[in-house]
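A.B. asks: Give me a 3D structure for the following:
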Amino acid sequence: AIVNVASVAGLAGASRLAAYTAAKHGVIGLTRAAAAEYATKGIRVNAVCPSFSRTDMVTEVLKMTPARTERAEAGLTRGVPMRRLAEVDEVVKVILFAADPGNSFMTGQALAVDGGITAT
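C.D. replies: Residues are numbered from 1 along each chain as shown. Okay, the predicted model is just below:
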């Protein structure tokens with residue numbers, strides 16, 4: 001099994017992130033093409049698409065904002081129906097799910113881990 005990490009930006013456009021969004025759409029396209037190409041060989045290819053997660057990268061971005069970190073985080077999560085960042089272990093669990101041999105009939109999927117962003 002191959003699990004690519006894309007982003008929710010690969011499922012929906014992201015304002016002011018055109019290059020990032022295009023790159024993540026590319027990851028999802030690659031995932032789907034590879035899934036179709038390698039399915040007969042028993043190789044499953046899926047993508048996990050997290051939204052903002054509590055990673056070092058996001059933490060550093062929040063620290064660089066002129067607003068206090070809590071206000072900056074609230075602004076970042078305003079568009080997330082669950083109104084919070086994903087925790088890293090929540091994303092890891094979905095990656096493990098996608099890689100699990102028990103999911104032997106799942107391939108070519110882009111799994112959103114986005115607190116409801118793509119549900120609206």
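A.B. asks: Relative to Thr21, how far out is Glu37?
C.D. replies: Distance of Glu37 to Thr21, computed by C-beta to C-beta, to the nearest Å: 25 Å. Backbone N, C-alpha and C define where each C-beta goes, glycine included.
A.B. asks: okay, those two: which has more neighbours?
C.D. replies: Thr21 (19 against 11; other C-beta atoms under 10 Å).
A.B. asks: what does the model give Leu17 for pLDDT?
C.D. replies: Note on Leu17: pLDDT of 86.
A.B. asks: Could you measure from it over to Lys24?
C.D. replies: 9 Å.
A.B. asks: Buried ones in the helix or strand of the chain with the lowest mean pLDDT, by neighbour count?
C.D. replies: Every helix and strand in the chain was compared by mean pLDDT, DSSP states H and E; the lowest is helix 69-76, with a mean of 78. By 16 or more other C-beta atoms under 10 Å, the buried positions in helix 69-76 come out as Ala72, Glu73, Leu76.
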